[in-house]
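# next comes the sequence, and after it the predicted model I'd like to discuss.
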Amino acid sequence: MMGILLFTDDDDFGALNFYSRRPGAFTGDSELAAWLLASHAAVAFSSARTYAEMEEAVATRHVIGEAMGILMATHHLTEEQAFDALRRYSQETNTKLREVARRVCERGSLS
């Protein structure tokens, strides 16, 4: 058996374990191949996570912008005032900003 940690400078992803019935199977070229595979897997996991985080950030930004527009139109607020209202409500209720924005989009107001 040979286990290799999957990690980057920023994240730990787990381990990649190799099994063999033959003693000493993971030496020389096979060990190098396993390390290369693990390195590529860690980079792939990191890229996938970054992509998913970017998608979520873009979606969140859109919802916050929509909620700001609703508050601006219904309460005659500036952009800055609308964002401050969302931020304050988020802090006062200990609710994530994206969740507050989603509720505003569904209900049309902060309450």
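Cool, got the structure. This is a predicted model, so every value here is computed, not measured.

# neighbours of A41, how many?
15 (other Cβ atoms under 10 Å). Every C-beta, even on glycine, is put in place using the N, C-alpha and C of the backbone.

# assumed it was part of a strand.
No. Assigned with DSSP: H, G, I helix; E, B strand; the rest coil, A41 falls outside any strand and is helix.

# where does it land on pLDDT?
pLDDT for A41: 94.

# got the contact list for it?
6, 13, 16 (Cβ atoms under 8 Å, 6 or more residues apart in numbering).

# among those residues, which lie within strands?
6, 13, 16 (DSSP state E).

# surely the first one touches F13?
To tie it back to what came earlier, the one meant is L6. Yes. Assessed by Cβ atoms under 8 Å, L6 is found in contact with F13 at 4.0 Å.

# quick check: neighbours shared by the two?
41-42, 45.
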